[in-house]
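Chemist: Sequence first, predicted model second:
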Amino acid sequence: MRIALIGSADFGKAALEAFLDRGDQVVAIFCPPDNPKSSKPEVLKEAALARGLNPLQFASLKSPEAAQAMIDSQADICVMAYVLQFVPQELVKIPKHGTIQYHPSLLPKYRGPSAINWAIALGEEKTGLTIFRPSDGLDEGEVILQKEVAIGPDDTLGKIYFDHLFPIGIKALLEAADLVVAGKHQELVQDESQANYEGWFDTNAAQIHWATHISQIYNLIRACNPAPGAWTKFGEQKVQIYDCHKHVAATFGAVQGKSGEITNITLDSFFVTCHGGQIEVLKAKGTAGKVTGAELAKELNLQVGQFFAL
């Protein structure tokens with residue numbers, strides 16, 4: 001089939017390569033303009049050039065030039081894979097069979113740009129992906145295909161995305177494109193009564209509050225690993241915490257220390273008290289980059305009985 005692809009980054013690159021490797025024609029590739037503030041080239045752009053294709057980098061996909069490029073491509077279907085630009089309905093309806101889009105949640109739950117982070121941070125035991133028809137509303141279009149993924153009690157953002165939602169998502173885009181072009185798909189309207197929207201999982205969302213329950217803190221750290229990195233402060237020093245264990249106290253009275261207090265420093269880690277137990281920090285980032293918990297304790301001269309900011 002003739003594919004038009006709108007995307008960016010590693011996921012866009014993987015989608016491009018998947019369609020090409022199975023013999024489809026990718027007749028148009030839309031990716032964002034190069035970022036003048038970054039020394040790294042757009043990954044999808046470089047992948048297209050490596051395959052002898054010419055990517056299209058429009059400042060706005062609402063422009064007449066973008067629409068004409070889509071018309072000229074004579075695409076059977078357009079595929080949206082990690083899209084950073086607004087894509088108007090005038091563009092998505094041009095291909096013969098319209099457009100499909102990937103989103104890393106079980107829509108209508110967790111609409112928005114940080115769906116995986118929020119699902120883990122809020123303690124969900126499953127998430128998934130949705131292939132849907134893009135509309136002018138954010139992640140609101142008709143659902144074509146969904147796949148569920150379990151969130152294990154110790155799974156991080158990195159594990160859920162790179163081990164599951166990324167590879168399964170690429171296969172789902174291929175499957176959905178085949179169904180749509182063959183006319184064998186169904187389109188289900190999303191149930192708005194079940195919908196929720198979460199914005200960017202930003203620096204404020206990633207802050208650790210040691211007075212909250214241990215499960216909330218542990219979920220937050222998992223949701224921010226590897227990015228944006230859950231953080232706390234020791235004095236004026238910002239510390240980002242990545243790998244950790246949680247040690248739940250058997251009873252409330254068995255909790256050692258006060259919230260935010262450093263209670264133990266080992267050869268590999270250090271322990272911080274929170275409501276309901278202790279977080280053992282195994283890997284963190286201080287002034288010298290990512291190090292073990294013990295190395296960070298030495299770098300910051302942490303002592304038992306000192307406190308992280310609440």
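Modeler: Here it is on my side, so go on.
Chemist: ok, so what distance separates the residue lying closest to Leu122 once chain neighbours are set aside from Cys244?
Modeler: With sequence-adjacent residues excluded and distances taken as C-beta to C-beta, 6 or more residues apart in numbering, Leu122 is closest to Asn219, at 7.2 Å. In short, each C-beta sits where N, CA and C put it, glycine included. According to C-beta to C-beta, to the nearest Å, Asn219 stands 11 Å off from Cys244.
Chemist: And these two? Which one has more around it.
Modeler: Using other C-beta atoms under 10 Å, the more surrounded residue of Asn219 and Cys244 is Cys244, with 24 against 21.
Chemist: What pLDDT is listed against Glu140?
Modeler: With respect to pLDDT, Glu140 has a value of 97.
Chemist: What is the neighbour count of it?
Modeler: Glu140 has 18 neighbouring residues, counting by other C-beta under 10 Å.
Chemist: Just give the nearest non-adjacent residue to it, would you?
Modeler: Gln190 (6.3 Å).
Chemist: Could you look up the SS state of the residue lying farthest from the centre of the chain?
Modeler: The C-alpha centroid of the chain is most remote from Gly253, which lies 38.1 Å away (C-alpha atoms, centre = their mean). When classified by DSSP: H, G, I helix; E, B strand; the rest coil, Gly253 comes out as helix.
Chemist: distance of it from Leu296?
Modeler: From Gly253 over to Leu296 (counting by C-beta to C-beta), the distance is 30 Å.
Chemist: I'd guessed Leu91 sits against Pro64; true?
Modeler: No - with contact defined as C-beta atoms under 8 Å, Leu91 does not reach Pro64; the gap is 10.5 Å.
Chemist: who touches Gly12 in this structure?
Modeler: Counting by C-beta atoms under 8 Å, 6 or more residues apart in numbering, Gly12 touches Leu5, Cys31, Val43, Leu44, Ala47, Ala81, Tyr82.
Chemist: Mind checking which of those residues land in helices?
Modeler: Counting by DSSP state H, these place Val43, Leu44, Ala47 in helices.
Chemist: Show me which residues of stretch 169-180 are buried.
Modeler: For stretch 169-180, burial by neighbour count (16 or more other C-beta atoms under 10 Å) applies to Gly169, Ile170, Ala172, Leu173, Leu174, Ala176, Ala177, Leu179, Val180.
Chemist: hang on, the earlier thing: need the contact list for the residue nearest to Glu140.
Modeler: Contacts of Gln190 (C-beta under 8 Å, 6+ apart): Leu107, Pro108, Phe132, Glu140, Gly141, Glu142, Val143.
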